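In: What follows is a predicted protein model with its sequence.
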Amino acid sequence: MHNYRQLKVWTKAIDLVVDIYKITVEFPKEEKYGLVSQMRRSAVSISSNIAEGAGRNSEKEFCHFLAIAHGSCYELETQVIVSEKLGLISKEVSEIIYSRLTEIQKMNFNLQQKLNPDLTKFNKVGAPV
């Protein structure tokens with residue numbers, strides 16, 4: 001069992017959640033149950049799955065939840081793309097979010113590699129090399 005609160009990737013994911021909440025508060029009210037809800041759930045899913053995995057009984061289970069968190073990063077990235085295309089966020093804001101998501105993905109994948117050395121045949125964002 002790992003202490004998720006000591007993981008830098010979890011801390012960065014929590015900071016991202018706070019920022020996504022702040023950004024989406026400016027979205028139109030008709031998006032409350034659409035993009036706002038989806039983006040917030042995706043962002044929360046990243047840190048939640050890191051924490052849940054850390055509390056599991058094996059490294060294999062932890063890696064599984066880290067992989068789910070990794071997928072949630074891509075989900076949030078897609079929602080940011082849609083938000084930018086709809087004019088709900090600026091290109092500058094989306095670029096900041098992309099940068100932070102990439103950092104979280106790299107940290108997440110590095111942690112997965114430490115837990116499961118067989119993942120070394122993949123690159124830092126989880127794609128085969």
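Out: The structure has been received and is ready for your questions.
In: List the contacts of the most centrally placed residue in the chain.
Out: Central residue of the chain (CA atoms, centre = their mean): Cys73, 3.5 Å from the mean position. By CB atoms under 8 Å, 6 or more residues apart in numbering, the residues touching Cys73 are Ile46, Leu101, Ile104, Gln105, Asn108. (Glycine included, C-beta is placed from N, CA and C.)
In: Compare those residues and tell me which has the most neighbours.
Out: Tallying neighbours with other CB atoms under 10 Å puts Ile46 at the head of those, with 30 neighbours.
In: Distance check, that residue against Val82.
Out: 18 Å (CB to CB, to the nearest Å).
In: I'd like to know how many residues surround Ser72.
Out: 24.
In: What is the three-state secondary structure of Thr89?
Out: Small correction: residue 89 is Ile, not Thr. coil (DSSP: H, G, I helix; E, B strand; the rest coil).
In: In contact with it, which residues?
Out: Counted by CB under 8 Å, 6+ apart, Ile89 has contacts Ile23, Val80, Ser83.
In: now Leu7
Out: So Leu7 contacts Ile50, Ala54, Leu111 (CB under 8 Å, 6+ apart).
In: Tell me the buried residues in the helix or strand harbouring Glu103?
Out: Using DSSP states H and E, Glu103 maps to helix 91-115. Neighbour-count burial for helix 91-115 flags 94, 97, 100-101, 104-105, 107-109, 111-113, 115 (criterion: 16 or more other CB atoms under 10 Å).
In: what's the closest of those residues to Phe62?
Out: Each of the buried residues of helix 91-115 was scored against Phe62 by CB to CB, and Leu115 proved nearest at 5.7 Å.
In: The closest one and Phe65 touch, don't they?
Out: No: applying CB atoms under 8 Å, one finds Leu115 not in contact with Phe65, separated by 10.6 Å.
In: Quick one: mean pLDDT for the longest helix seen in the chain?
Out: Looking across the chain with DSSP state H, the single longest helix is helix 59-85. The average of the pLDDT scores along helix 59-85 is 96.
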